[in-house]
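Visitor: Sequence first, then the predicted structure:
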Amino acid sequence: MIVSRGVALATLIFFLFVQAPCSADEPCKTPLTADKVVSCALSVSPEVQIAQREFDALRGRRTSASIWLPSNPNISFNGGDRELAERPGSVSAFNWTATLSQEVEVAGQRGLRLRVADAELQAQTRRVVVTELDVAARALSTFFEVQAAREELNLAERLGQIAQSLSELAEQRSNIGLLSPVDADVAQSESIRIGLIRYDTRRRFYSAQANLNGLLGRDFDAPVEIGGSLPPSLTAPPEVRDGASSFVRRALLLRGEIAAADAERLILEAQLQLIRRQRVPNPTFSIYRQRDELRDRIFGGGISIAIPLPAPLGQDSAGEIEETIARIAQAKSNVELVKRNVRIEATRAYEDWQTSSEALTLFQPELVSRANDDLDLIREAIGSRQLSLREALLAQRSLVDLLLADIEARLNYSRAWANLMRVGGYPVPGMNQ
């Protein structure tokens, strides 16, 4: 049983560390893509490194648990000069005794210690995976925010030029009496509104860029060169497309927090067996060599066993057993609590993804493309008198709201997808590179 557990644990360790992210030198190079961002964030994440170092520490604990002897051999030497009291001044004799003793475990404590160590390693392996999923999902969401903020900033810069052009045209017409001063003021106020949008989008862009740089271990004010645009759609796992119930069931199977909580219970159960087994006293075997005043050579051996006394007189581990039993019951309740939280979180993540997917379908690519073209045609429509200035400003505001809403809808969908993958326990692209 111990051998099979060891093989399974070794396999799990192999997949965890052989498929771990590469060094930060390669994945952090620009231009950044979603895969590179995830790989880079995992390679420099303090949270992941702390979890992995804890795993290394537990491997050292397992090495200590695999030692065969509970203590090192003990050698002692006693000697003394003996002189007969009846004949003072007579020839004395030097008596000595050399003893070699060794404590031995006879109740299988070593196997149980290994079982506890293996359970701790398995639990920490799950925690490492959970930490990696959290870091990857956070990095991916931040990357999507940078992409969205960049698109908004590009759109705002373009809108600023268009709004300034309309404002200047309105002022020219107002000066020659072809436009009322009120309409000119309306055009100017719309230009100011577009300018405020530019400042707000610029602030969001630099904020998202600083957050991404922080996750990637770069300078917070370093420029970020990203490739591609905010994705219009992302492939969801099959369980997600089959409905909320299927996704929740799959999340209960894949979610690392549940496995980690259950591993904590297994650790306590193994510790309980170890504590009970440790109540069996370990015998100490000894051999000795002795020489007395008669110059006789004496060889012998012995065995000693500690006498267990009940509490409170002696150490019988009754308190530790009682505490561990209570901890096991607590761990079982904690597993159920984690499962309940996963059900709630998975349901919310699915509904968030579902609603954002439905919202995304409202923005047809052809309509968004025409809206981009219509922004450039507004000035021509005013010049040809197809639109009045007020109608043009109203049309411009509608088109701007549509384009900004399209970016926000894609951002909400992308973040919902990243959270969906994390909640379901699915690895995102870049985790195994």
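Guide: Nice, I can see it.
Visitor: what's the closest non-adjacent residue to Val342?
Guide: Of all residues not flanking Val342 in the chain, Arg255 sits nearest, at 5.0 Å (CB to CB, 6 or more residues apart in numbering). C-beta: built from backbone N, CA, C; applies to glycine.
Visitor: do Trp417 as well
Guide: Per CB to CB, 6+ apart, closest to Trp417 is Leu234, 4.5 Å.
Visitor: the helices in the protein, which residues?
Guide: For the chain, applying DSSP state H gives helices covering 2-18, 34-44, 46-65, 109-175, 181-215, 238-241, 244-254, 256-278, 318-360, 365-383, 389-424.
Visitor: picking up where we left off before, enumerate every residue touching the residue nearest to Trp417.
Guide: 413-414, 417 (CB atoms under 8 Å, 6 or more residues apart in numbering).
Visitor: cool, and Val48?
Guide: So Val48 contacts 42, 128, 131-132, 135 (CB under 8 Å, 6+ apart).
Visitor: Pick the one among those closest to Phe247.
Guide: Glu132 (20.8 Å; CB to CB).
Visitor: right, and the closest one touches Leu42 too?
Guide: Yes. With contact defined as CB atoms under 8 Å, Glu132 reaches Leu42; the gap is 5.8 Å.
Visitor: Please enumerate the shared neighbours of these two.
Guide: What both Glu132 and Leu42 touch, as defined by CB under 8 Å, 6+ apart, is the set 48, 431.
Visitor: Mean neighbour count, the helices of the chain: which tops it?
Guide: Highest mean neighbour count among the helices of the chain (mean count of other CB atoms under 10 Å): helix 34-44, with a mean of 24.
Visitor: what is the rounded mean pLDDT of that helix?
Guide: Per-residue pLDDT over helix 34-44 has a mean of 89.
Visitor: Redo the contacts of Val48 as JSON lines? Include distance to Asn341.
Guide: Shown next, in JSON lines, are these (distance: CB to CB, whole Å):
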{"residue": "Leu42", "distance to Asn341": "24"}
{"residue": "Val128", "distance to Asn341": "20"}
{"residue": "Thr131", "distance to Asn341": "17"}
{"residue": "Glu132", "distance to Asn341": "20"}
{"residue": "Val135", "distance to Asn341": "20"}
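Visitor: Gln273 against Leu114, yeah?
Guide: No. Using CB under 8 Å, Gln273 makes no contact with Leu114, being 11.9 Å away.
Visitor: Give me the distance between Lys29 and Met431.
Guide: 18 Å (CB to CB, to the nearest Å).
Visitor: okay, those two: which has more neighbours?
Guide: Met431 (21 against 11; other CB atoms under 10 Å).
Visitor: residues touching that one, list them.
Guide: Contacts of Met431 (CB under 8 Å, 6+ apart): 21, 38-39, 42, 132-133, 136.
Visitor: Tell me the confidence at it?
Guide: 77.
Visitor: just Ser174 next, same as before
Guide: Looking at Ser174, the pLDDT reads 62.
Visitor: Once you drop chain neighbours, what's closest to Glu151?
Guide: Ile407 (5.2 Å).
Visitor: Now do the same contact list for the residue nearest the centre of the chain.
Guide: Nearest to the geometric centre of the chain sits Thr131, at 1.2 Å (CA atoms, centre = their mean). When contacts are counted by CB under 8 Å, 6+ apart, Thr131 touches 45, 47-48, 51.
Visitor: Verify the contact between Glu345 and Val423 for me.
Guide: Yes. Contact criterion CB under 8 Å: Glu345 and Val423 qualify, at 5.3 Å.
Visitor: quick one: Leu42 from Glu145, how far?
Guide: From Leu42 to Glu145 the distance is 19 Å (CB to CB).
Visitor: scratch that, Pro232
Guide: For Pro232 relative to Glu145 (CB to CB), the value is 16 Å.
Visitor: now swap in Thr33 and tell me
Guide: 15 Å.
Visitor: I figured Lys240 was touching Gly424, is that so?
Guide: Heads up, residue 240 is Val, not Lys. Yes. With contact defined as CB under 8 Å, Val240 counts as touching Gly424 (7.3 Å).
Visitor: Now the common contact residues for these two.
Guide: What both Val240 and Gly424 touch, as defined by CB under 8 Å, 6+ apart, is the set Phe247.
Visitor: picking up where we left off before, and the helices of the chain, which one's lowest on average pLDDT?
Guide: Lowest mean pLDDT within the helices of the chain: helix 2-18, at a mean of 44.
Visitor: residues contacting the residue lying closest to Asn419 once chain neighbours are set aside?
Guide: Closest residue to Asn419 apart from its sequence neighbours, by CB to CB, 6+ apart: Ala349 at 5.2 Å. Going by CB under 8 Å, 6+ apart, Ala349 touches 416, 419-420, 423-424.
Visitor: What distance do you get for Ala349 to Asn372?
Guide: With the distance defined as CB to CB, Ala349 ends up 32 Å from Asn372.
Visitor: burial count for the nearest residue to Gln209 once chain neighbours are set aside?
Guide: In space, and not counting its chain neighbours, Gln209 is closest to Val224: 4.9 Å by CB to CB, 6+ apart. Neighbour count for Val224, taken as other CB under 10 Å: 20.
Visitor: so what's Ile226 up against?
Guide: Listed by CB under 8 Å, 6+ apart, the contact partners of Ile226 are 30-33, 143, 146-147, 150.
Visitor: nearest to Ala261, of those?
Guide: Phe143 (30.3 Å).
Visitor: For the residue nearest to the closest one when sequence neighbours are not counted, list the residues it contacts.
Guide: Once flanking residues are discounted, Phe143 sits nearest to Val37: 4.5 Å by CB to CB, 6+ apart. With contact set as CB under 8 Å, 6+ apart, Val37 has these partners: 139-140, 142-143, 212, 215-216, 430.
Visitor: Turn those residues into JSON lines, columns for distance to Arg327.
Guide: Formatted as JSON lines, the contacts of Val37 follow (distance: CB to CB, whole Å):
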{"residue": "Ala139", "distance to Arg327": "35"}
{"residue": "Leu140", "distance to Arg327": "37"}
{"residue": "Thr142", "distance to Arg327": "38"}
{"residue": "Phe143", "distance to Arg327": "41"}
{"residue": "Leu212", "distance to Arg327": "41"}
{"residue": "Leu215", "distance to Arg327": "36"}
{"residue": "Leu216", "distance to Arg327": "40"}
{"residue": "Gly430", "distance to Arg327": "38"}
